[in-house]
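Chemist: need a structure here:
(2 chains)
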Amino acid sequence: MRTTRTARTAAALVAVIALAVGCSGSGGKDSEDKPDASGGGGGQGVNTPRLKIAMVTHSGEGDTFWDIVQSGAKQAAAKDNVQFLYSNDKEAKGQAELVQAAIDKKVDGIVVTLAKPQAMQAVLGKAKEAGIPVVSINSGSEFSAKFGALSHIGQEESVAGEAVGTELADQGKKKVLCVIHEQGNVSLEQRCDGVRKTFKGTVENLNVDGTNAPGSQSSIEAKLQADKSIDGIVALGAPIAALAVKAKDDAGSKAEIATFDLNAEVVRRLKAKEVAFAVDQQPYLQGYLAVDELWLYKTNANVLGGGKPVFTGPALVTEKDVPQLEKYTARGTR
Amino acid sequence: MTTTVPEKHPGSGPPGPQPDERLVRSSPWKKLLGRPELGSVVGAIAVFLFFSIIADSFLQASSLATVLYASSTLGIMAVPVALLMIGGEFDLSAGVLVTSSALVSSMFSYQMTANTWVGVGVSLLVTLAIGVFNGVMLTRTKLPSFIITLGTFLMLTGMNLGFTKLISGTVSTKSIADMEGFSSAKDVFASTFTIGGVDFKITIIWWLALVLVATWILLRTRVGNWIFAVGGDVDAARAVGVPVNKTKIGLYMGVAFGAWISGQHLLFSYDVVQSGEGVGNELIYIVAAVIGGCLITGGYGSAVGAAIGALIFGMTSKGIVFAEWNSDWFKFFLGAMLLLATLLNAWVRKRAEASK
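Modeler: Presented below is the predicted three-dimensional model:
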């Protein structure tokens, strides 16, 4: 009796809150543009036999970047009559096990990331034995051919870092902070090293805990308060850029912010001139081309890039590109 | 070291006119020494002095505001978690529950195009319901809270990501910054206030308020006695009529309430929420409570202590940045400093107990 009464009270409370406070006149889902065939039309796909392609990445849970890679892959899968399977594990061992699982499932092709190359070498050898073609994406192009992958589609982290370093040097910055949001991640270190290589002033690294937003923000803030000469911040992921903007404002610093990777939030901040520029490595292309390449190989024995790595970045995006990009970032394809 | 203290011989004294020990008035000094937070206060002072000397910029008013902000976001959770630990239980789901709470609030407002306060209210109910779920599962099944809340932790981690992708299409929520009620909710959960030209975050007020309420509950109310009793000896507590189950469910709801405040802070300071956040923070809450003098086995501890534990953690993690030590070694320094602070804490407490 008691419990039913409590439940009823709770339900009534929800209803009262919802009714009393009512709706928002601005923002929200109602203000969204209705989807105009988001990401390509319907129409007829190909009539090649149905293929099964697995993608195994080193992504942690909940990273916007890999969402975009996936949506590219899904688009290609829809066009190419492919069943697309996605799995991820941020531990090297776990990722290798997932690749093994894909081999056991006898898929027709595997797309894999090589952020932790040593862990992948053995299992990619097994894929080769099983006769399953492999395409590597994202970072690690130097290992791709060595491990027997057909081709590599991605961005060199160090090259992207160098592009950022050059741009910051051109803007006349003296001291730059490179914020690493996942300690010990090779590709993040490479980005910072790339910046260091072409930037003329000093580059300092700062490790923060990427899964704790207030903690990361206050660490950046502390660093800016400790060293007032910092005039540039490089965020290595789109969510960190938002934290850097807050930290900069709270610390009263004049530092300008550059970021790796795009999302809707970063585009908004580019527009508001809170972020100076972003380096886009076109994750959509990485997913799309990888699946398409495997389809091309299976149906026509084509190899994209002729065995050489195909680069999808770095492309520098500034406030000027915003009008064109806004639409695409909002639907999660850029 | 302990031999310097004159030894007492309990029970072996003369059977003469000794008053009943329960009626002896202890001096305020001795009372102070007996408090569970004493050791952590000494630890906090030591850490503060250390960084004041080592790091030039640590003593700036604005730097202290940064440290207090970091401590407060941690402390808001450490205080209810400490209460739960005094009651003899753990909550491993506390870290991701913060993210869940923020996600519910954000997505409800956005998808229903409702005033953000509606989302905030719905989020409170949902978060408390998860707390009740933890508590009811625990009291019904009698399984260790470690297992129950590990299950909730994993389920919530999955649900955070799964629901967010299902509803928003990506792993982060859409911005609600342009919706009605946002600015007033931001005032409550994520604003700043200025004292003497220095900006402080509102979370510091929430933190202090929670410490006051929790301390009042623990030391001045019947519920407080129940919490200590439940954590000390469940069977004895039940035998003297303490509503054990209700107390435990209530404690989990307390943690959920803290998670709700932290979650709303997360949402209204960044206006989008990343669904993968919060994993691993649950341990830091527990650590803060333990540094502050809570026993892992329950029955002993204080809310003030947990708050000071959070302060020690905040000072250390930001102090290392202020000191500009090599950031590759950050985690090492953090661990070493915490260990030292806790050792000092334990040593002081032992001395205090010996001199009673």
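Chemist: Quick check, pLDDT for residue 203.
Modeler: Answering for chain A, as no chain was given. You'll see A:Val203 listed with a pLDDT of 93.
Chemist: Let me rephrase: I mean chain B.
Modeler: B:Thr203 is assigned 94 on the pLDDT scale.
Chemist: Ok, A:Gln44 next?
Modeler: A:Gln44 carries a pLDDT value of 60.
Chemist: Would you mind pulling the contact partners of stretch B:229-246?
Modeler: B:85-88, B:135, B:139, B:225-226, B:247-248, B:298-300 (C-beta atoms under 8 Å, 6 or more residues apart in numbering or on different chains). C-beta: built from backbone N, CA, C; applies to glycine.
Chemist: Now do the buried residues in it.
Modeler: B:229-232, B:234, B:237, B:242, B:244 (16 or more other C-beta atoms under 10 Å in any protein chain shown).
Chemist: quick one: average confidence on it?
Modeler: Mean predicted confidence for stretch B:229-246 is 93.
Chemist: now do the same end-to-end measure for it.
Modeler: Counting by C-alpha to C-alpha, to the nearest Å, you get 13 Å between the two ends of stretch B:229-246.
Chemist: so what's A:Ser219 up against?
Modeler: A:Ser219 makes contact with A:206, A:208-209, B:70, B:317-318, B:321, according to C-beta under 8 Å, 6+ apart.
Chemist: Recalculate using a threshold of 6 Å.
Modeler: A:Ser219 makes contact with A:208, B:321 under the criterion C-beta atoms under 6 Å, 6 or more residues apart in numbering or on different chains.
Chemist: cool, and the one 4 residues further on?
Modeler: With C-beta under 6 Å, 6+ apart as the criterion, the residues that contact A:Lys223 are A:206, B:321.
Chemist: again, only this time at 8 Å
Modeler: Going by C-beta under 8 Å, 6+ apart, A:Lys223 touches A:177, A:206, A:230, B:321, B:324.
Chemist: which SS class is it?
Modeler: helix (DSSP: H, G, I helix; E, B strand; the rest coil).
Chemist: Quick one: check the helix or strand hosting B:Ala306 for contact with chain A.
Modeler: For B:Ala306, the host element (DSSP states H and E) is helix B:303-322. Yes - remark: helix B:303-322 sits within contact range of chain A at B:317-318, B:321-322, by C-beta under 8 Å from any C-beta of the partner chain.
Chemist: Format the CA atom coordinates belonging to that helix as CSV.
Modeler: What follows is helix B:303-322, C-alpha atoms only, in CSV (Å, rounded to 0.1, in the frame of the first residue of the first chain):
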residue,chain,number,x,y,z
ALA,B,303,31.5,14.8,6.8
VAL,B,304,33.9,17.5,7.6
GLY,B,305,36.7,15.0,7.2
ALA,B,306,35.6,14.0,3.8
ALA,B,307,35.4,17.6,2.8
ILE,B,308,39.0,18.1,4.0
GLY,B,309,40.0,15.0,2.1
ALA,B,310,38.5,16.5,-1.0
LEU,B,311,40.5,19.7,-0.3
ILE,B,312,43.7,17.7,0.1
PHE,B,313,43.1,16.0,-3.2
GLY,B,314,42.2,19.3,-4.9
MET,B,315,45.2,21.1,-3.5
THR,B,316,47.6,18.3,-4.5
SER,B,317,46.3,17.8,-8.0
LYS,B,318,46.3,21.5,-8.8
GLY,B,319,49.4,22.3,-6.7
ILE,B,320,51.5,20.0,-8.9
VAL,B,321,50.4,22.0,-11.9
PHE,B,322,51.1,25.3,-10.1
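Chemist: List the buried residues of it.
Modeler: Result for helix B:303-322 [16+ other C-beta under 10 Å]: buried residues B:303-322.
Chemist: likewise stretch B:321-339?
Modeler: The neighbour-count check on stretch B:321-339 (16+ other C-beta under 10 Å) flags B:321-324, B:327, B:330, B:333, B:337-338 as buried.
Chemist: Where is pLDDT lowest across the residues you listed?
Modeler: Across the buried residues of stretch B:321-339, the bottom pLDDT score, 77, is held by B:Ser327.
Chemist: so what's it closest to, chain neighbours aside?
Modeler: Leaving aside its chain neighbours, B:Ser327 sits nearest to A:Asn207 (4.7 Å; criterion: C-beta to C-beta, 6 or more residues apart in numbering or on different chains).
Chemist: how about that neighbour, what does it touch?
Modeler: A:180, A:183, B:327-328, B:330-331.
Chemist: How about it: which residues does it bridge to?
Modeler: Beta-bridge pairing of A:Asn207 under DSSP bridges involves A:Ile180.
Chemist: pretty sure A:Asn205 contacts A:Gln183?
Modeler: No - the criterion here is C-beta atoms under 8 Å, and A:Asn205 misses it with A:Gln183 at 9.9 Å.
Chemist: Between the two, which is the more surrounded one?
Modeler: A:Asn205 (19 against 16; other C-beta atoms under 10 Å in any protein chain shown).
Chemist: The helix or strand that one falls within to helix B:303-322, inter-axis angle?
Modeler: Assessed by DSSP H and E, A:Asn205 sits inside strand A:202-207. Here strand A:202-207 runs at an angle of 160 degrees relative to helix B:303-322 (axes from the mean of the first three to the mean of the last three C-alpha atoms, to 10 degrees).
Chemist: Quick one: the helices in the chain, in order.
Modeler: Went with chain A since none was named. Taking DSSP state H as the criterion, chain A contains helices spanning A:2-21, A:64-79, A:92-104, A:117-129, A:141-144, A:157-170, A:186-198, A:213-226, A:238-251, A:264-271, A:283-300, A:322-330.
Chemist: that's the wrong chain, I wanted chain B
Modeler: Using DSSP H, the helices of chain B run over B:28-33, B:38-54, B:61-86, B:94-112, B:116-141, B:145-168, B:182-190, B:203-220, B:222-232, B:234-239, B:244-270, B:281-291, B:303-322, B:330-354.
Chemist: between the last one and helix B:38-54, how big is the angle?
Modeler: Here helix B:330-354 runs at an angle of 140 degrees relative to helix B:38-54 (the same axes, to 10 degrees).
Chemist: Mind giving me the packing neighbours of helix B:330-354?
Modeler: Contacts defined by 3 or more C-beta pairs under 8 Å, 6 or more residues apart in numbering or on different chains; DSSP states H and E place helix B:330-354 against helix B:38-54, helix B:281-291, helix B:303-322.
Chemist: next one: the second one
Modeler: Packed against helix B:38-54, as judged by 3+ C-beta pairs under 8 Å, 6+ apart, are the following elements: helix B:303-322, helix B:330-354.
Chemist: who wins for proximity to A:Ala160 among the helices and strands packed on helix B:330-354?
Modeler: helix B:303-322 (26.1 Å; C-beta to C-beta).
Chemist: Counting by contacts, list what the closest one packs against.
Modeler: helix A:213-226, helix B:38-54, helix B:61-86, helix B:203-220, helix B:281-291, helix B:330-354.
Chemist: tell me the two of the buried residues of stretch B:321-339 that are most distant?
Modeler: Taking C-beta to C-beta, no two of these sit farther apart than B:Glu324 and B:Leu338, at 19.6 Å.
Chemist: what about B:Phe108, how many neighbours?
Modeler: 21.
Chemist: With A:Val267 instead?
Modeler: 25.
Chemist: check contacts around it.
Modeler: The neighbours of A:Val267, taking C-beta under 8 Å, 6+ apart as the test, are A:322, A:325-326, A:329.
Chemist: Which among the helices and strands packed on helix B:38-54 is found nearest to A:Leu243?
Modeler: Among these, the nearest to A:Leu243 by C-beta to C-beta is helix B:303-322 (14.1 Å).
Chemist: quick one: the residue nearest the centre of chain A from chain B, how far?
Modeler: Nearest residue to the geometric centre of chain A (C-alpha atoms, centre = their mean): A:Phe65, 2.0 Å. Look at A:Phe65 and chain B: by C-beta to the nearest C-beta, to the nearest Å, they are 9 Å apart.
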